[in-house]
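S.K.: here is a sequence together with a model predicted from it:
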Amino acid sequence: MNHPLSSARPIRQLARLSALMLLASLAACGGGGSADGPGTGADAPSPSPAPAPAPGASPAPSAPGALSPTYTGEGTFYGATGEGNCTFDASPGNLLVAAMNGPDYAGGAVCGQFVAVTGPKGAVTVRITDQCPECKSGDLDLSESAFARIADPVAGRVPIRWHVVPGDVTGPVSYRYKEGSSRWWVAIQARNHRLPITGLEIKPSGSADWIAVTRTDYNYFVHPSAIATGPLQVRITALGGATLIDTLPEPSDGVVVAGAGQFP
């Protein structure tokens with residue numbers, strides 16, 4: 001069976017290859033010269049706008065328990081692994097994941113959020129781990145196993161509706177320092193968060209102020225300037241304004257650190 005997006009696969013693969021080449025380049029140079037500059041301030045900034053997508057058509061009212069309005073579009077599927085533009089690790093034990101369409105990817109703001117999707121034959125909740133550049137606003141490209149829960153795979157492309165929901169996660173939020181991270185160039189990714197992340201700040205050792213850090217489209221918050229030696233505090237803000245504060249060790253290449261708690 002030919003997938004309805006098979007003719008677009010080379011475009012998508014090229015887009016992902018370009019993203020991976022960019023990541024490799026950033027890691028190799030330690031982030032020098034990055035345009036992803038942070039904001040600073042003595043007071044914590046207000047929570048960022050909700051990372052809910054903004055499709056061209058007006059969304060329907062929110063479903064019960066939803067964190068966003070309900071959106072409509074088309075659902076397709078691909079051979080997802082859990083990896084992709086959000087630069088999460090592969091998740092062979094849980095492939096209920098999806099790629100967000102290019103317009104609603106919102107520069108990586110949707111990475112890691114959970115989306116409840118309804119199709120012709122059922123419903124499924126997926127985690128956003130990738131981007132589908134050729135998909136239209138409102139569309140989702142699901143993993144094969146996720147698509148099979150909402151429609152017959154032979155259909156290939158089906159109408160769907162979806163909205164953002166709290167994730168069914170276990171354990172605390174965790175943080176990953178990107179390869180190349182050090183006190184001279186800090187890149188942090190939040191993982192295993194129940195709610196969508198709208199902002200991340202750091203407070204280096206000896207600092208009295210929180211520094212708001214810019215999120216990249218590959219889902220790392222990057223502070224390209226030197227900070228003091230030693231541990232640093234991290235504060236993440238979720239959709240709705242809830243915050244978590246954790247203390248991380250001095251930035252180091254590829255280290256993953258478990259936080260102390262999870263969003264309510």
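M.R.: Nice, thanks for sending it over.
S.K.: by mean pLDDT, which helix or strand of the chain comes out lowest?
M.R.: When the helices and strands of the chain are compared on mean pLDDT, DSSP states H and E, strand 39-40 comes out lowest with a mean of 37.
S.K.: for the strand ranked longest in the chain, buried residues please.
M.R.: Longest among the strand segments of the chain by residue count, using DSSP state E, is strand 123-132. Burial within strand 123-132, assessed by neighbour count using 16 or more other C-beta atoms under 10 Å, is assigned to Val124, Thr125, Val126, Arg127, Ile128, Thr129, Asp130, Gln131, Cys132. (Each C-beta comes from the backbone N, C-alpha and C, glycine too.)
S.K.: apart from its chain neighbours, what residue comes closest to the second one?
M.R.: For Thr125, ignoring the flanking residues on the chain, the nearest one in space by C-beta to C-beta, 6 or more residues apart in numbering is Ala116 at 4.9 Å.
S.K.: can you give me the neighbour number for the one you found?
M.R.: Using other C-beta atoms under 10 Å as the criterion, Ala116 is surrounded by 20 other residues.
S.K.: what strand or helix carries it?
M.R.: Ala116 is part of strand 114-118 when elements are defined by DSSP states H and E.
S.K.: which residues are in contact with that strand?
M.R.: 63, 66, 75, 98, 123-128, 140, 142, 146, 150, 160-168 (C-beta atoms under 8 Å, 6 or more residues apart in numbering).
S.K.: middle-most residue in this structure, spatially?
M.R.: Centre of the chain computed as the mean C-alpha position; nearest residue by C-alpha atoms, centre = their mean is Cys111, 1.3 Å away.
S.K.: correct me if wrong: that residue contacts Ile128.
M.R.: Yes - checked against C-beta atoms under 8 Å, the pair Cys111 and Ile128 is within contact range at 5.9 Å.
S.K.: between those two, what contacts are shared?
M.R.: Jointly contacting Cys111 and Ile128 under the rule C-beta under 8 Å, 6+ apart are Cys86.
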